[in-house]
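[1] Next comes the sequence, and after it the predicted model I'd like to discuss.
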2 protein chains.
Amino acid sequence: MDRTGHPTLQDVSRHAGVSTATVSRCVNDPEKVARKTRERIERAIEELGYTPNFGGRVLASRRSNTIGVVIPTMNNAMFAGALQAVQEVLSDSGKSMLVATSGYDPEQEFRQIRALVGSGADGLLLIGTDRPATTRDYLARRAVPHVLTWCHDPASEAPTVGFDNHEAGKVIAEAAIGLGHRALGIIGGISTDNDRAAGRIEGMRAAVAEAAGGVRIVGVQETRYSLDRGDEAFDRLMARAPIPSVILCGNDVLATGAILRARARGVRVPEDVSITGIDDHDLARVVLPALTTVRVPQRDMGRQAAQVLLERISGAGPVRGRELPLELVWRDSLAAPRQVPPD
Amino acid sequence: MDRTGHPTLQDVSRHAGVSTATVSRCVNDPEKVARKTRERIERAIEELGYTPNFGGRVLASRRSNTIGVVIPTMNNAMFAGALQAVQEVLSDSGKSMLVATSGYDPEQEFRQIRALVGSGADGLLLIGTDRPATTRDYLARRAVPHVLTWCHDPASEAPTVGFDNHEAGKVIAEAAIGLGHRALGIIGGISTDNDRAAGRIEGMRAAVAEAAGGVRIVGVQETRYSLDRGDEAFDRLMARAPIPSVILCGNDVLATGAILRARARGVRVPEDVSITGIDDHDLARVVLPALTTVRVPQRDMGRQAAQVLLERISGAGPVRGRELPLELVWRDSLAAPRQVPPD
DNA sequence: TCGGTTGTTGCAAGCGCTTACATTTTCACA
DNA sequence: TGTGAAAATGTAAGCGCTTGCAACAACCGA
């Protein structure tokens, strides 16, 4: 019995008449124990109601079977959905998931990373590639196995399992340009310390740069991801000439906010102005008009990121990142501009 | 140096010329150490880049400073939002959060609970009051401090921090009845093994039972919480007479699904049929018409539940549950029925 | 029957930390 | 300057488990 009255490995070993080593093996690696012995031990475990002590286990084995995840916020359903997938994979492998949020703040992220590592995390799943040297040094010095997701960069030191945000922005911008839009507005997430938001905007800019014939960006707003911010940014964008004929939003929440605002102001979408999103959030098909957007494979991404992280932790060979495909989803919020404006 | 090359408490103690006990105190309870000594130790910690070993710490102190949360799914933004709040509170108290999901399955929940306890969780936050005796016994036998949320029941053995689901259903049903609706349809979550979904439906039924003048329920559909299921349930409810003049939905996702379906079928909301939700999800204000619903204080609930759990773990006196207020949110999806149908 | 394999089990040394208790130091006050 | 209480520190005994190694048993073919 331990200090709290729970039976210990030792109790089980006595009860079953074997050594503690055998009981330990029976718990962790049953094949290593002869069938008859195993049955005896299992009965003892059952009778005593034994459960392994976590601390002893971690201390002796140097593994906690716990992995940490830091996401910007759980208020974004995209992250939450991916988290769900991560949890499922980990759970299937007998691991538990520690979760923390950074609120898009690099320092907070660093704090949370340290807290998770201090809580025994065997590995870490992080969002995005860019982080301060302090954080990267910490990760390297402590040799914390980690995988980055929600982004993809083959050149990254840590494996990335995700998609190319730059590409996502570019694809949707090209779709708009292809329809004849020449004056584009952008409502993006705040790109400071956020490689995903920045990448999306850059992708949009790149599409414009590559386009022929007077295509230009007439305004860029960066704002926090939230329905209400989409609102305000829309107003600012529509406040002064030249008015964009399409507004490319950094994600579906912003786009939905913009549509809501357009509706309230009597601006018709897509007749007066087209609006696009990125993510393919639930909102995208609920809002009216339904959003034309780029589908981000959140579930798959979460699942695969978790798998890659597990490989990385198990140390089985070099682990490579993976790029996931993006898909343009056509709905109703993007249409050809009313008239092609003169150059 | 430990086996992995990291400095240990012992290294620090040698480096600073003090005993390991003093270093331990300096880390866990700095006031107990004289200033000069503390500074010396802190310098040593800094120079060596020491971080406490989690396993050793848990083993010796019998505390992991980790708490576990089991929710049905993170795909429901309501749970995710609450989780965010829980995480913030825990993080502020230096605790980490383990998260697992049950998929609304009691056995899965039990498995996850065991996994979290096996991962060293000092306490547990669970959703809802009802669970199998097996699970309750386990919790009692292992004496796992736990708090229940998303529900409220002063009679529950474990403290509950949440709202009264029965009341939520009743409030919205009364609102509909008050407007003159007599034929009510219900699309609820699956009430088996789900006291919240069951409570909401019962609340609706209770309102009907208490109402005078031929108010009756003309159909009840139970279905999984998802946009598409709201769809189907709507169809079934509208398929045969008597047709309800209002459909009370168990949550906003179902209600939104129903509205989407109504729109697709050319049924006008609320002119032809009113539709209500519960939760006040983001969808509620995005969907057209915007949902009349009951606001569930997810953030507050998460925050308070976490606080109560921390109290419970610290063992400071008897811990009482808390009930949080509900608020009816009037929007556009609920209106008086076209004509009061003859009794 | 014997040596060699293969399969099982036990021995025992920690893993790195906390903490009750003992000891030493400090300091206010007489 | 002496005294006692309070403050600071040290001593050392584990916490419950894993695991490398050694010991032993069972079984094989020669």
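    Noted; the coordinates are in hand.
[2] C-alpha only now, for contacts and for neighbours.
    Noted.
[3] Quick check: the gap between the closest residue to A:D105 other than its chain neighbours and A:R131.
    Distance criterion Cα to Cα, 6 or more residues apart in numbering or on different chains; nearest residue to A:D105, sequence neighbours excluded, is A:D193 at 7.4 Å. In this view, A:D193 and A:R131 are 7 Å apart by Cα to Cα, to the nearest Å.
[4] so what sits against both of these two?
    Residues touching both A:D193 and A:R131 (Cα atoms under 8 Å, 6 or more residues apart in numbering or on different chains): A:P106.
[5] Near the residue nearest to A:D105, how many other residues are there?
    16 (other Cα atoms under 10 Å in any protein chain shown).
[6] same deal with A:R25?
    14.
[7] Do any residues in the least confident helix or strand in chain A by mean pLDDT lie close to chain B?
    Of all helical and strand segments in chain A, the minimum by mean pLDDT, DSSP states H and E falls on helix A:227-239, at a mean of 90. No - figure legend: helix A:227-239 not in contact with chain B (Cα under 8 Å from any Cα of the partner chain); closest approach 8.5 Å.
[8] tell me the contacts of the residue nearest to A:D105?
    A:Y104, A:D105, A:P106, A:D130, A:R131.
[9] any idea how far the least confident helix or strand of chain A is from the chain center?
    Mean C-alpha position of helix A:227-239 versus that of the full chain (Cα atoms, centre = their mean, to the nearest Å) differs by 26 Å.
[10] cool, stretch A:31-43 as well?
    So, by Cα atoms, centre = their mean, the centroid of stretch A:31-43 is 43 Å from its chain's centroid.
[11] List the buried residues of it.
    By 16 or more other Cα atoms under 10 Å in any protein chain shown, the buried positions in stretch A:31-43 come out as A:V33, A:T37, A:R38, A:R40, A:I41, A:E42.
[12] Ignoring the adjacent residues along the chain, who's closest to whatever residue of the stretch 51-200 of chain A ends up closest to DNA strand C?
    DNA strand C sits closest to A:A60 of the stretch 51-200 of chain A, with a gap of 3.4 Å, by Cα to the nearest atom of the strand. Nearest residue to A:A60, sequence neighbours excluded (Cα to Cα, 6+ apart): B:G55, at 7.9 Å.
[13] How about A:D228?
    Distance criterion Cα to Cα, 6+ apart; nearest residue to A:D228, sequence neighbours excluded, is A:G257 at 5.9 Å.
[14] Doesn't that neighbour belong to a helix?
    Yes - counting by DSSP: H, G, I helix; E, B strand; the rest coil, A:G257 is part of a helix.
[15] Let me see the contact set for it.
    A:G257 makes contact with A:S226, A:L227, A:D228, A:R229, A:G230, A:D231 under the criterion Cα under 8 Å, 6+ apart.
[16] Near the second one, how many other residues are there?
    A:L227 sits with 20 neighbouring residues when counted by other Cα under 10 Å.
[17] State the three-state secondary structure for A:H6.
    Quick answer, by three-state DSSP: A:H6 is coil.
[18] ok, so what distance separates the residue nearest to A:D105 from B:G17?
    42 Å.
[19] do the same with A:G199
    51 Å.
[20] now A:Q112
    For A:Q112 relative to B:G17 (Cα to Cα), the value is 31 Å.
[21] What is the burial count for A:R141?
    11.
[22] A:M238 too?
    A:M238: 17 surrounding residues under other Cα under 10 Å.
[23] My guess is it contacts A:V246. True?
    No - A:M238 is not in contact with A:V246 according to Cα atoms under 8 Å; the separation is 10.6 Å.
[24] least confident pick among the buried residues of stretch A:31-43?
    By pLDDT, A:V33 ranks lowest within the buried residues of stretch A:31-43, coming in at 89.
[25] Help me confirm that it comes into contact with A:V27.
    No - applying Cα under 8 Å, one finds A:V33 not in contact with A:V27, separated by 9.6 Å.
[26] I'd say A:V161 and A:L324 touch.
    Yes - counting by Cα under 8 Å, A:V161 sits close enough to A:L324 to count as a contact (7.4 Å).
[27] Break down the stretch 1-150 of chain A into its helices, ranges please.
    Assigned by DSSP state H, counting those that start in this stretch, the helices in the stretch 1-150 of chain A fall at A:9-16, A:20-28, A:35-48, A:54-61, A:77-92, A:106-118, A:133-141.
[28] Show me what the first one packs onto, helices and strands only.
    Put plainly, it is helix A:9-16. Here helix A:9-16 is seen to pack against helix A:20-28, helix A:35-48 when contacts are counted using 3 or more Cα pairs under 8 Å, 6 or more residues apart in numbering or on different chains; DSSP states H and E.
[29] Centre of the chain to the last one, how far?
    From the chain centre to the centre of helix A:35-48 is a distance of 43 Å (Cα atoms, centre = their mean).
[30] If we ignore the residues flanking it in sequence, what's nearest A:A233?
    Leaving aside its sequence neighbours, A:A233 sits nearest to A:Q221 (Cα to Cα, 6+ apart; 6.1 Å).
[31] between the helix or strand hosting the one you found and helix A:227-239, how many degrees?
    Using DSSP states H and E, A:Q221 sits in strand A:216-222. On the basis of axes from the mean of the first three to the mean of the last three Cα atoms, to 10 degrees, strand A:216-222 is oriented at 150 degrees to helix A:227-239.
[32] Direction included, what does strand A:216-222 pair up with?
    With DSSP bridges as the test, strand A:216-222 is paired with strand A:183-188 (parallel).
[33] residues in contact with the partner strand?
    With Cα under 8 Å, 6+ apart as the criterion, strand A:183-188 contacts A:197, A:200-201, A:215-223, A:230, A:233-234, A:237, A:242-251, A:254.
[34] Return the members of those classed as buried.
    Using 16+ other Cα under 10 Å as the burial test, the contacts of strand A:183-188 include A:197, A:200-201, A:215-223, A:230, A:233-234, A:237, A:243-251, A:254 as buried.
[35] any idea how chain A splits into domains?
    What automatic domain parsing lists as the domains of chain A is A:9-61, A:66-164+A:298-325, A:165-295.
[36] Those domains: which one's closest to DNA strand D?
    domain A:9-61 (3.0 Å).
[37] and the end-to-end length of the closest one?
    15 Å.
[38] go on, stretch A:15-29?
    End to end - Cα to Cα - stretch A:15-29 spans 20 Å.
[39] Which residues belonging to it are considered buried?
    Applying 16+ other Cα under 10 Å to stretch A:15-29 flags A:H15, A:A16, A:T20, A:T22, A:V23, A:S24, A:C26, A:V27 as buried.
[40] Pick the most buried one from the helices of the stretch 1-150 of chain A.
    Of all the helices of the stretch 1-150 of chain A, helix A:77-92 has the most neighbours on average by mean count of other Cα atoms under 10 Å in any protein chain shown, namely a mean of 22.
[41] quick one: low-confidence ranges for the stretch 201-343 of chain A?
    Applying pLDDT under 70 to the stretch 201-343 of chain A flags residues A:316, A:339-343.
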